[in-house]
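Novice: have a look at this prediction, sequence included:
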Amino acid sequence: MAKKTDVTKSSKKDTGKDQKKKGGIRKYFRELKAEMKKVVWPTRQQVTKNTGVVLSVMVVMALFLFGVDSGLGAAIKAILKIGG
C-alpha cells in the first residue's frame, strides 16, 4: 500500500500568518468604514419607541419577580413557623 503524504503543521501556520499580515491595520479600518456605511441607523422615533418597550417590560418583570419573591418568602416563613 502507498503511504499518504502529510502536510506539515508548520507550513499551515506560516501561510496563516502571512495572510493576516497582508493589509494590516489600514485594511481593517478601510473595511470597517465600508461596513459602517452599510448600517441602517434607526430614527429618533424608533429609538424612543423601543426604549419605552424595554422599560415597560422591565417594570412588568420587576413586579412579577417581586410577587414571586414575596409569595415564596411568605410560604417559607409559614413552613418554618409550623415546624418551630
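Specialist: It's in. Fair warning: this is a prediction, and the values are worked out from it, not measured in the lab.
Novice: what about Lys77, distance to Gly71?
Specialist: According to C-beta to C-beta, to the nearest Å, Lys77 and Gly71 sit 11 Å apart. Placement of C-beta: from N, CA and C, glycine included.
Novice: could you do Lys27 as well?
Specialist: With C-beta to C-beta as the criterion, Lys27 and Gly71 are 58 Å apart.
Novice: secondary structure element holding the residue positioned nearest the centre of the chain?
Specialist: Nearest to the mean C-alpha position of the chain, by C-alpha atoms, centre = their mean, lies Val54 at 17.0 Å. Following DSSP states H and E, one finds Val54 within helix 44-83.
Novice: list the buried ones in that helix?
Specialist: Within helix 44-83, no residue counts as buried by 16 or more other C-beta atoms under 10 Å.
Novice: what is that helix packed up against?
Specialist: Under the contact criterion of 3 or more C-beta pairs under 8 Å, 6 or more residues apart in numbering; DSSP states H and E, helix 44-83 touches no helix or strand at all.
Novice: pLDDT of it, averaged?
Specialist: Per-residue pLDDT over helix 44-83 has a mean of 96.
Novice: now find how far off-centre it is within its chain.
Specialist: Counting by C-alpha atoms, centre = their mean, to the nearest Å, helix 44-83 is centred 24 Å from the centre of its parent chain.
Novice: same check on stretch 72-84?
Specialist: For stretch 72-84, the distance to the chain centre is 40 Å (C-alpha atoms, centre = their mean).
Novice: with stretch 25-41 instead?
Specialist: Centroid separation between stretch 25-41 and its chain, computed with C-alpha atoms, centre = their mean, is 21 Å.
Novice: CA atoms only for it, dumped as PDB, please.
Specialist: Output of stretch 25-41 as PDB, limited to C-alpha atoms (Å, rounded to 0.1, in the frame of the first residue of the first chain):
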ATOM      1  CA  ILE A  25      -4.400  47.900  10.300                       C
ATOM      2  CA  ARG A  26      -5.100  50.100   7.300                       C
ATOM      3  CA  LYS A  27      -7.100  47.400   5.600                       C
ATOM      4  CA  TYR A  28      -9.100  46.700   8.800                       C
ATOM      5  CA  PHE A  29     -10.100  50.300   9.200                       C
ATOM      6  CA  ARG A  30     -10.900  50.700   5.500                       C
ATOM      7  CA  GLU A  31     -13.200  47.600   5.700                       C
ATOM      8  CA  LEU A  32     -14.700  48.900   9.000                       C
ATOM      9  CA  LYS A  33     -15.600  52.200   7.400                       C
ATOM     10  CA  ALA A  34     -17.200  50.500   4.400                       C
ATOM     11  CA  GLU A  35     -19.300  48.300   6.800                       C
ATOM     12  CA  MET A  36     -20.300  51.300   8.800                       C
ATOM     13  CA  LYS A  37     -21.700  52.900   5.700                       C
ATOM     14  CA  LYS A  38     -23.900  49.900   5.100                       C
ATOM     15  CA  VAL A  39     -25.600  50.200   8.600                       C
ATOM     16  CA  VAL A  40     -29.200  51.400   8.600                       C
ATOM     17  CA  TRP A  41     -29.500  53.500  11.700                       C
END
